[in-house]
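Asks: pasting the structure only:
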């Protein structure tokens, strides 16, 4: 059985506007100067408290309290009907892959389970994923725990598993877990940094993923 593990923010959904605006609001609530947009996007993928601690620098000891405000602000925006849009092609590719008998899909994300349920449920895609690994249950990326837990939950083999993500954290996590690593160019880390972190390829369009996977699977079968 093949397992494809997707990151969420920056890979499946374009969450940059809500993340940046929410982070700025949370910092303002504590009288702390807001980090730049680029600084906020650079930490997407880390678990929330680690991300905020990185942004706070020498005030990192305030990360927990700022994280509480971030969650409150994020939920307020969600209640106001804000839903991060899917990237072009994401829905079609995910549903097509999920319909295959030889393939399982999963999520490995720095979001909370509540956040994943809200965004993927809002787009009607939650049932496409048989395993969802979040920051609630594992150390922050690039630690490989989320991938290893997904392998254990599905019974899949690392050699037949690929992680799809937009950050160096995703690529490093995949390599540490012994799986394949595919980068995407439309997310939050510069595409040229992804091969250095372990990406086998960096895709520029979502619909390039299925044919690339077919070629990879065919090559692995020949090698076996």
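Replies: Thanks, I have the structure now. Here the structure is a predicted model, which is why all the values come from computation and not from measurement.

Asks: how about the strands in this protein?
Replies: Under the criterion DSSP state E, strands of the chain are mapped to 2-6, 103-108, 131-133, 161-165, 180-184, 201-203.

Asks: got a markdown table for those, with mean pLDDT too?
Replies: Shown next, in a markdown table, are the strands of the chain (pLDDT from 0 to 100):
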| stretch | mean pLDDT |
| --- | --- |
| strand 2-6 | 98 |
| strand 103-108 | 98 |
| strand 131-133 | 98 |
| strand 161-165 | 98 |
| strand 180-184 | 98 |
| strand 201-203 | 98 |
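
Asks: Could you list every helix and strand in contact with the longest helix seen in the chain?
Replies: Across the chain, the longest stretch assigned as helix under DSSP state H is helix 63-79. Counting contacts by 3 or more Cβ pairs under 8 Å, 6 or more residues apart in numbering; DSSP states H and E, helix 63-79 packs against helix 16-29, helix 48-56. For glycine as for every other residue, the C-beta is placed from the backbone atoms N, C-alpha and C.

Asks: Show me which positions of stretch 101-116 end up buried.
Replies: Buried positions in stretch 101-116, judged by neighbour count with 16 or more other Cβ atoms under 10 Å: 103-112, 115-116.

Asks: Spit out the contact partners of residue 95.
Replies: Listed by Cβ atoms under 8 Å, 6 or more residues apart in numbering, the contact set of residue 95 reads 125, 128.

Asks: Point out where the chain drops to low pLDDT.
Replies: The model of the chain has pLDDT under 70 over residues 221-224.

Asks: rerun that using 90 as the cut-off
Replies: Applying pLDDT under 90 to the chain picks out residues 16-18, 43-47, 74-83, 135, 216-224.

Asks: about what we covered before: would you turn the buried residues of stretch 101-116 into TSV with distance to residue 184?
Replies: Shown next, in TSV, are those (distance: Cβ to Cβ, whole Å):
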residue	distance to residue 184
103	18
104	20
105	15
106	16
107	15
108	14
109	14
110	16
111	17
112	22
115	20
116	18
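
Asks: Please identify which pair of these lies farthest apart.
Replies: Pairwise distances across the buried residues of stretch 101-116 peak at 26.2 Å for 103 and 112 (criterion: Cβ to Cβ).

Asks: Much appreciated, bye for now.
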